[in-house]
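Enquirer: got a predicted model here, sequence first, then my questions.
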Amino acid sequence: MGVIRRTGMFVLQVNPILCDGFGHCAELAPELVHLDEWGYPIIAKDPVPLADVGSYESARYAERGCPRQALHVAKVNTPAPVTNVTMRPPSSVSRARRPL
Ligand code: SF4
């Protein structure tokens, strides 16, 4: 038996041209989708970790359950962590007074 590690992030995206605003997605993924006053989905743009299995499954339910196929779960690459940053001492030139 292997262990499945979920790394990375995802976002739930909506195609506003296809969406008809009946709000079914907010019932299927209430933690990700809120509705505006006309019933159109408002989805947070911040990526969600794939390790958040509940949110990911909800997003997939919403994607499959959208009657207009207006939703898409997109995996996104997050920037690699910055490592081996070398700190340079401040330059003496930057401290020198510039001529007018
Ligand atoms: S379920 Fe699909 S068509 Fe309905 S509001 Fe959500 S995105 Fe729009």
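Expert: Arrived safely, thanks for sending. Residues are numbered from 1 along each chain as shown.
Enquirer: what parts of the protein come near the ligand?
Expert: 14, 19-25, 41, 66-68, 70-71 (C-beta under 6 Å from any ligand atom). Any C-beta I mention is one placed from the backbone N, CA and C, and that applies to glycine too.
Enquirer: now residue 12. Nearest residue, chain neighbours left out?
Expert: Once its chain neighbours are removed from consideration, residue 12 has its nearest residue in residue 59; the separation is 4.6 Å (C-beta to C-beta, 6 or more residues apart in numbering).
Enquirer: the one you found: what's it in contact with?
Expert: 10, 12, 29, 32, 48, 71, 73 (C-beta atoms under 8 Å, 6 or more residues apart in numbering).
Enquirer: got JSON lines for those, with secondary structure too?
Expert: Formatted as JSON lines, the entries for these read as follows, by DSSP: H, G, I helix; E, B strand; the rest coil:
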{"residue": "10", "secondary structure": "strand"}
{"residue": "12", "secondary structure": "strand"}
{"residue": "29", "secondary structure": "coil"}
{"residue": "32", "secondary structure": "coil"}
{"residue": "48", "secondary structure": "strand"}
{"residue": "71", "secondary structure": "strand"}
{"residue": "73", "secondary structure": "strand"}
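Enquirer: biggest separation within those, which pair?
Expert: Largest separation among the contacts of residue 59 by C-beta to C-beta: 48 and 71, giving 14.1 Å.
Enquirer: comparing the two, which residue is more hemmed in?
Expert: Between residue 48 and residue 71, counting by other C-beta atoms under 10 Å, residue 71 is the more crowded of the two (27 against 19).
Enquirer: mind telling me what element the nearest residue to the more buried one once chain neighbours are set aside is part of?
Expert: If the residues on either side of it in the chain are set aside, residue 71 comes closest to residue 63, at 4.6 Å by C-beta to C-beta, 6+ apart. Following DSSP states H and E, the helix or strand that holds residue 63 is helix 53-65.
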